[in-house]
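Asker: got a structure for you, letters missing:
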Ligand code: ADE
């Protein structure tokens, strides 16, 4: 059983996407366990404080060390973690190759940033990997954590029944996916390419390869370098 623990000040933000579709199926099959933790449960004092003002001055609030260390150490006392990831816009940009590698790990913690960020000592001492999902700023790491969790789950063997299907995803062979069609063969005069209707396996594979290459050249030449 794989396990992903996600720590956040807004855990409910992630409930719906993690309770539907393929991620839900992975959980139902007992292949993945995803546990959401509310950092406020580890907050300080009567008001369960998790953040504070920035040393040296400046706008915004920063997540304090104590709640994060307490929460992560509690989890580490229960099991060993292979990776403790911090979601942040200044992390290394996520891609399919990283998703493949993370899908091989058994236990992962994902810490979501919020406000102005988290105390640097957390990043220096306990975080093993910092991930960004792209060059734009989200209001918090939650949506990014969901993206990472989803991309991992679909790669774990047994989650997608037709394993072929995850292997033919865009990026999995370094190329974007070729076009797909379904019935009817003609819609408003628009035709499905003949090659796909003839059932000639080798020709279809060749066509898909050509199309994937063409689309990748047009849209993402950087992937071919
Ligand atoms: N938190 C805010 N923006 C983010 C991003 N682009 N990726 C990961 N975490 C984030």
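Answerer: Perfect, thanks for sending it. Please read all numbers here as calculations on a predicted model, not as lab measurements.

Asker: now the longest strand seen in the chain: mean pLDDT?
Answerer: Longest strand of the chain, by residue count under DSSP state E: strand 83-93. When pLDDT is averaged over strand 83-93, the result is 97.

Asker: same check, this time on stretch 172-187
Answerer: The average pLDDT within stretch 172-187 is 94.

Asker: What is the neighbour count of residue 63?
Answerer: Per other C-beta atoms under 10 Å, the neighbour tally for residue 63 reads 22. From N, CA and C alone the C-beta is placed, and that goes for glycine too.

Asker: do residue 25 as well
Answerer: Residues near residue 25, counting by other C-beta under 10 Å, number 16.

Asker: So which elements touch whichever strand or helix holds it?
Answerer: Using DSSP states H and E, residue 25 sits within helix 21-28. Counting contacts by 3 or more C-beta pairs under 8 Å, 6 or more residues apart in numbering; DSSP states H and E, helix 21-28 is packed against strand 32-38, helix 142-153.

Asker: Kindly recompute the last result at 10 Å.
Answerer: In terms of contacts (3 or more C-beta pairs under 10 Å, 6 or more residues apart in numbering; DSSP states H and E), helix 21-28 is packed against helix 15-18, strand 32-38, helix 142-153.

Asker: Now the last one: buried residues?
Answerer: When you say that, I think you mean helix 142-153. By 16 or more other C-beta atoms under 10 Å, the buried positions in helix 142-153 come out as 142, 144-153.

Asker: any chance of those in JSON lines, plus pLDDT and distance to the ligand?
Answerer: Output for these, formatted as JSON lines (pLDDT from 0 to 100; distance: C-beta to the nearest ligand atom, whole Å):
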{"residue": "142", "pLDDT": "98", "distance to the ligand": "8"}
{"residue": "144", "pLDDT": "98", "distance to the ligand": "3"}
{"residue": "145", "pLDDT": "98", "distance to the ligand": "8"}
{"residue": "146", "pLDDT": "98", "distance to the ligand": "11"}
{"residue": "147", "pLDDT": "98", "distance to the ligand": "8"}
{"residue": "148", "pLDDT": "98", "distance to the ligand": "8"}
{"residue": "149", "pLDDT": "98", "distance to the ligand": "13"}
{"residue": "150", "pLDDT": "97", "distance to the ligand": "14"}
{"residue": "151", "pLDDT": "97", "distance to the ligand": "13"}
{"residue": "152", "pLDDT": "97", "distance to the ligand": "15"}
{"residue": "153", "pLDDT": "97", "distance to the ligand": "18"}
